[in-house]
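Colleague: any chance you can model this:
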Amino acid sequence: IRELGGSGIIRYHGNVTSALKSAFPSSNWSQHEQRNKPNNYWDSIDNQRAFLDSVASKEGLTTVTELIKLPTTTIREMGGRGLLSKYSSYRDALKSIYPSCNWDESF
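Modeller: Modelled structure (predicted):
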């Protein structure tokens, strides 16, 4: 975009995603579906939960607690590397993101 003279657009909107959302507001711009996330995206528990809910759905899981069965490589490959880096372990991530689940029985 910058090579084609679009650096002003990026500067105005802050990032490519915001520029696209502005240009095409009727499109679904779900950020948890995108590989590159905006800065601080993973700071939000809501974003973390939306991402893992989407992963669970794509993997055909029927309950949230089944997420523990997924290897971290799958989470990374689906765009969750930044999410995993926020926690000391995948287990800690799940406990923080879904505190109402009884994870002790799932591990």
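Colleague: could you use CA atoms for every contact and neighbour count after this?
Modeller: Noted.
Colleague: state which helix of this structure is the longest.
Modeller: If you go by DSSP state H, the chain has its longest helix at helix 45-58.
Colleague: how about the helix or strand following that helix, which residues are buried there?
Modeller: Sequence-wise, the next helix or strand downstream of helix 45-58 (DSSP states H and E) is helix 72-75. Using 16 or more other Cα atoms under 10 Å as the test for burial, helix 72-75 gives 72, 75.
Colleague: so for the following helix or strand past helix 72-75, mean pLDDT?
Modeller: Following helix 72-75 in sequence order, the next helix or strand is helix 81-85 (DSSP H and E). Model confidence over helix 81-85, given as mean pLDDT, is 94.
Colleague: what's in contact with helix 81-85?
Modeller: Helix 81-85 is contacted from outside by 42, 48, 75-76, 90, 93, using Cα atoms under 8 Å, 6 or more residues apart in numbering.
Colleague: stretch 56-63 now?
Modeller: By Cα under 8 Å, 6+ apart, stretch 56-63 touches 64, 66-67.
Colleague: one more time with 10 Å, if that's ok
Modeller: Outside stretch 56-63, the residues within contact range by Cα atoms under 10 Å, 6 or more residues apart in numbering are 50-55, 64-67, 69-70, 74-75, 78.
Colleague: narrow those residues to those that are buried.
Modeller: 50-55, 65, 67, 75, 78.
Colleague: ok, and the helix or strand in the chain with the lowest average confidence?
Modeller: Lowest mean confidence among the helices and strands of the chain (mean pLDDT, DSSP states H and E): helix 16-23, at a mean of 76.
Colleague: and residue 60, its phi and psi?
Modeller: Main-chain dihedrals, residue 60, degrees, to the nearest 10: phi 80, psi 20.
Colleague: this completes my enquiry, with thanks.
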